[in-house]
Each structure stands twice: as structure tokens, then as C-alpha cells.
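J.: Would you be able to build a 3D model of this:
(chains A, B, C and D)
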There are 2 protein chains.
Amino acid sequence: MQEKNSIELIEYELTTFIRRAVYLDNSEKKIGNLERSAYLLLRQLDEFGPARVKELAEAFKLDISTLSRQAAALENKKLISRSSDPSDGRVSLFDITPGGKQMLQTDKQMRLERYHSMLKEWSNEEKELFGKLLMRLNDAFID
Amino acid sequence: MQEKNSIELIEYELTTFIRRAVYLDNSEKKIGNLERSAYLLLRQLDEFGPARVKELAEAFKLDISTLSRQAAALENKKLISRSSDPSDGRVSLFDITPGGKQMLQTDKQMRLERYHSMLKEWSNEEKELFGKLLMRLNDAFID
DNA sequence: ACTTTTACTTGTACTATACAACTATATATA
DNA sequence: TATATATAGTTGTATAGTACAAGTAAAAGT
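T.: Got it, this is the predicted structure:
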């Protein structure tokens, strides 16, 4: 009973949070310059280094065609660069450009500032614990 | 430093979670029968009772036109019903139908079961605390 | 050499959303 | 009261993000 309530609360609050966070991305109060998808793609390349379309699609669990278009869009904006894999002519390798890194840092900073404001009343312990629990939640995510 | 790291972790994990949860809704492993937007609209009507388009748009912070279409779609599927406000001919009031309640309950149950599986290793204390922290996060959400 | 598999791109379609134009009704004001 | 303005909602149009299917080119297997 107790457990059921906690899970219901978690389900409710997480759905609500997603609703709001996604709304925010579409609103005029949007954080930063990058679309959510672009932000995540740049972050992925920045953290894990060059990757090809298939790897990106797997990392995000999205269709290859989706990542193919997202990558092409960012390539167009010069935020990522494409190079061909010498050992496999089918493959394009994408890497974040200096401009992309810059843009990512700017946007990340804005996002962090938002979280900073939202969580300013929280103690360090609460923030740390919350981060750890979120990490566990993501690790346990069922595909 | 410590604080910065917690916030970065929270930002990272929340964005990742949203990415996955939204992916899941579009995938063949989608939870239940309802679109995310339909689920939220039904839940809103179920919890807060009949409402008109404008109220729903405000509750979700979405454009009226978006809610107008979502409501019309659910009305078409007989999951919600429309009635006119006798005191104001412009207004349509929407309410969840028995079929809508049934569908909502079915989907909610499936969503809860997923969370139940994902969180099965968590102690009651962890689940309760996580729920409370999420609630605080949503309360502090900056529009 | 031929077939099959793989990596990616492109065409098409759908959901979710916003904004703008429009309709109908209600309210305010001259 | 007649007209002007405001409000509630619908509908047209556009965009992001996604999937699936068809197509192209390169690699690997037989």
C-alpha cells in the first residue's frame, strides 16, 4: 500500500515533469539556442567522441533514419563535421566542431543555471541523493 | 564544486530519462493504448473533473488550439464527452466518459507496473524520498 | 563472380505543437 | 440600444521529431 503510493507518486511526478520540460522546449522561454534533439546529439559526441549514425541511433534508441537527419541538420549548421571512415566506405563519422562545442557549452550553462535556481533550496545531501536515485532509475530503465 | 556536480548529474540524468521515456512512447514497446498527450488529458479530467478547452490549455501550458484538437480527437474516440455550458454559448465542457475512465485505468496500471519493475530493488524509504524530491522539483519548476 | 548483409539516405506519414485567421458569442460603451 | 471590443473555440498552415519502407552503395560471405 505504502509502496503503491510511492510508485504512483513517482509515475505522476515524472510524467508531469516531462510534460513541463518538453513544453518549455517549445515555448518562447526555451532554454538556449539548440533544439532538445540537437543538444543531446552534441552532448553525446562531446562526451563519447566521434561516432557514426548507427552508433548514435543505438545510443538514443532511435531509428537510424532519425539520426541521419538530425546529424545532417547539425552538419549543415557546422556544429558537427562529417568524415568518411577510410576502412569502410559506407560509414560517415561525425564529430563535434569547435563551434559545436561552444554552442553546447553555452546551452548547457543555461540549463544548469535553471536547475540551479529550481534547486536552490535543496541541501547538498538532497541534491546528491536525488542525482544518485535518478542515475539508478536510468540504469534500471526497461527497454 | 560538489554542488555543481550534483546539479550537472541531475540535469544529465533528467534529460536522459526524458529522452528514453519519450522514445518509449513512440516505439513498438509503447506502454498501453493511449498517446502520451491523451493519457495526460484523461488523467487531468479524471482528477480535476470537467473542464473547458481554455482551462486544459492553461493546466498544461499549451496553446488552446492544441488542446482543442486533442480534446476533439478524444471526443471522437468517445473517451471524453462534450457538453455546452448553458450560461455561455461559446464554451464546451469536456468530461471523461466511463470508457475513458476504463482506458485510463488500464493504461495507468501498465505504467505503474513498469515503474514497479524498474524500482523493485529500491527500498520503501528510497521510493518515498524520491517521490517527495520529484514533487519538490515540480513545485519549483520555473515557467 | 554472385548473393546477401550492412550503413546510410530519402520519401512518406503521423503526432504534437504553435501561430494566425476565422466564427460565434458575450461584454462594454457611446 | 447599436456598435465596438473582447473572449472561447475551431481550423488552416507550418515545423520538429519521430518511424517505416524503399532505395543506393559498399562490404562480406559463399
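J.: Which other helices and strands does the host helix or strand of A:Val22 contact?
T.: Here A:Val22 is covered by helix A:2-26, with elements defined by DSSP states H and E. Judged by 3 or more CB pairs under 8 Å, 6 or more residues apart in numbering or on different chains; DSSP states H and E, the packing partners of helix A:2-26 are helix B:2-26, helix B:36-48, helix B:98-118, helix B:124-139. To be clear about C-beta, it is placed using only N, CA and C from the backbone, and glycine gets the same treatment.
J.: neighbouring strands for the longest strand anywhere in chain A, and are they parallel or not?
T.: In chain A, taking DSSP state E as the definition, the longest strand is strand A:88-96. According to DSSP bridges, strand A:88-96 forms sheet pairs with strand A:51-52 (antiparallel), strand A:80-85 (antiparallel).
J.: So what touches the helix holding A:Val22?
T.: Outside of helix A:2-26, the residues within contact range by CB atoms under 8 Å, 6 or more residues apart in numbering or on different chains are A:30-31, A:35-36, B:14, B:17-18, B:21-22, B:36, B:39-40, B:60-62, B:108, B:111-112, B:115-116, B:119, B:124, B:127-128, B:130-132, B:134-135, B:137-138, B:141, B:143.
J.: near DNA strand C, which residues of chain A show up?
T.: Residues of chain A lying close to DNA strand C (CB under 7 Å from any atom of the strand) are A:19, A:22-23, A:26-28, A:52-55, A:64-65, A:68-69, A:71-72, A:88, A:90-92.
J.: hmm, try it at 6 Å
T.: A:22, A:26-28, A:52-54, A:64-65, A:68-69, A:90-92 (CB under 6 Å from any atom of the strand).
J.: so which of those are also by DNA strand D?
T.: A:65, A:69, A:90.
J.: Just name the closest of the residues you listed to DNA strand C, please.
T.: Among these, A:Ser65 lies closest to DNA strand C (CB to the nearest atom of the strand), at 2.9 Å.
J.: Any residues of chain A in contact with DNA strand D? List them.
T.: A:35-37, A:62-63, A:65-66, A:69, A:88-90.
J.: try 10 Å
T.: A:22, A:25-26, A:34-41, A:57, A:60-70, A:73-74, A:84-91 (CB under 10 Å from any atom of the strand).
J.: So among the residues you listed, which ones count as buried?
T.: Listed as buried from these are A:25, A:34, A:36-41, A:57, A:60, A:62, A:66-67, A:70, A:74; burial here means 16 or more other CB atoms under 10 Å in any protein chain shown.
J.: Which two among the residues you listed are spaced furthest apart?
T.: Maximum pairwise distance among these (CB to CB): 21.1 Å, between A:Asp25 and A:Ala57.
J.: So which of the strands paired with strand A:88-96 is the most surrounded?
T.: Comparing the strands paired with strand A:88-96 by mean neighbour count (mean count of other CB atoms under 10 Å in any protein chain shown), strand A:51-52 comes out on top with a mean of 20.
J.: Off-centre distance for that strand?
T.: Mean C-alpha position of strand A:51-52 versus that of the full chain (CA atoms, centre = their mean, to the nearest Å) differs by 16 Å.
J.: Give me the average confidence score over the next helix or strand after it.
T.: As assigned by DSSP H and E, the chain's next helix or strand after strand A:51-52 is helix A:53-60. For helix A:53-60, the mean per-residue pLDDT is 96.
J.: Show residues contacting helix A:53-60.
T.: So helix A:53-60 is contacted by A:40-41, A:44, A:48, A:51, A:63-64, A:66-68, A:71, A:92, A:94, B:19, B:23 (CB under 8 Å, 6+ apart).
J.: Next, the buried residues of it.
T.: A:53, A:55-57, A:59-60.
J.: Quick check: nearest residue in space to the residue nearest the centre of chain A, chain neighbours excluded?
T.: The geometric centre of chain A, computed from its C-alpha atoms, lies nearest to A:Leu40 (CA atoms, centre = their mean), at 3.2 Å. The shortest distance from A:Leu40 to any non-neighbouring residue, by CB to CB, 6 or more residues apart in numbering or on different chains, is to B:Arg19 (6.1 Å).
J.: Can you check the pLDDT for the one you found?
T.: On the pLDDT scale, B:Arg19 gets 88.
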